[in-house]
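**Student:** Any chance you could fold what I've pasted below:
(chains A and B)
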Amino acid sequence: MPVTDVTHDMDALTLTIVADFAAPPERIWQVYADPRQLERVWGPPTYPATVVDHDLRPGGRMTYYMTSPEGEKFAGYWEIATVDEPAGFTFDDGFAHLDFTPNTEMPVSRNEFRFAARDGGTRATYVSTYATADALQQVLDMGVVEGASSAINQIDALVS
Amino acid sequence: MAEDDEDRADALFHALADRTRRDIMRRVLAGEHSVSALAAGYDMSFAAVQKHVAVLERAGLLTKRRNGREQLASGDVAAVRSVGSMLTELEQVWRGRIARIDELIAEEPS
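**Tutor:** Numbers count the residues shown, from 1 in each chain, chains lettered A, B, ... in the order given. Purely as a prediction, here's the structure:
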């Protein structure tokens, strides 16, 4: 597993994950810059993601939906804040209605992705912050995380 | 989702978002302490420590019982775990994404 460090900050409601990838930052950047690659990594195999709008520029918007095994769709959007290709970008990730208008009743997380060159590869740092414990709980209660555990098991099965 | 669960999550995070209360939790998770013994360990009034203990009790992180004139507090390990488990659940989602990126970049020469 490329994950090298995980920090839970219960005060700041922040999750920080550090991972080392065996490819340079330019390659990791492509994963986010190409909607077809992004949808392959964003949703678990049981909840595949489909990226609809894709504008990875400051002020740009990304929209996507994830489809449950029963065919139910859950939509989300990214609002891109800052972009520093290929060193990283920041964005807000929120829930949307099926027409991709933001669902303001649902929480928004602030995300910071950083990609630093390291020994020919990339050290990626993912920081995800929720405004309140309520928001975090709400996100976990949503179907978004369903299937995540099974996804991880599938990957483990695949690589073992 | 149940309103109760949200209220509970709020109470948990609020209770643990304070250094003194986290310190009290560390002590009472290690074993039962009287509130006065706890109070002796901090540079604050007995009443202030009692207040912190009350916040932890309301959040379900700690239970109190009386023994004569003493109030004895002990930590609830399961409740403390539930706070961490929310972030751990989220961590699993991210670990899944990272594993998929790793798989994707291994597929093709970069």
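**Student:** Name the residues of the helix or strand containing A:Met66 that are buried.
**Tutor:** Per DSSP states H and E: A:Met66 is located in strand A:61-67. Along strand A:61-67, these residues count as buried under the neighbour rule (16 or more other Cβ atoms under 10 Å in any protein chain shown): A:Arg61, A:Met62, A:Thr63, A:Tyr64, A:Tyr65, A:Met66. All C-beta spots, glycine's among them, are computed from the backbone N, C-alpha and C.
**Student:** Nearest to chain A: which residue in chain B?
**Tutor:** Proximity of chain B to chain A (Cβ to the nearest Cβ) peaks at B:Phe13, 3.5 Å away.
**Student:** what's the pLDDT at that residue?
**Tutor:** The model reports B:Phe13 with a pLDDT of 74.
**Student:** In space, what's closest to it - neighbours in sequence excluded?
**Tutor:** Nearest residue to B:Phe13, sequence neighbours excluded (Cβ to Cβ, 6 or more residues apart in numbering or on different chains): A:Ala133, at 3.5 Å.
**Student:** just A:Phe21 next, same as before
**Tutor:** Counting by Cβ to Cβ, 6+ apart, the residue nearest A:Phe21 is A:Thr122, at 4.6 Å.
**Student:** Please name the bridge partners of that neighbour.
**Tutor:** Note on A:Thr122: beta-bridge partners by DSSP bridges are A:Phe21, A:Ala117.
**Student:** Spit out the contact partners of it.
**Tutor:** A:Asp20, A:Phe21, A:Ala23, A:Pro24, A:Pro25, A:Arg27, A:Ile28, A:Phe115, A:Ala116 (Cβ atoms under 8 Å, 6 or more residues apart in numbering or on different chains).
**Student:** Try it again at 10 Å.
**Tutor:** A:Thr122 sits next to A:2, A:19-29, A:86, A:114-116, B:101, B:105 when contact means Cβ atoms under 10 Å, 6 or more residues apart in numbering or on different chains.
**Student:** Any figure for the gap between it and A:Pro2?
**Tutor:** Distance check for A:Thr122 against A:Pro2: by Cβ to Cβ, to the nearest Å, it reads 9 Å.
**Student:** Same check on B:His33?
**Tutor:** 43 Å.
**Student:** who has more neighbours, the two?
**Tutor:** B:His33 (22 against 18; other Cβ atoms under 10 Å in any protein chain shown).
**Student:** residue ranges of the strands in chain B, please?
**Tutor:** Under the criterion DSSP state E, chain B contains strands at B:33-34, B:62-67, B:70-75.
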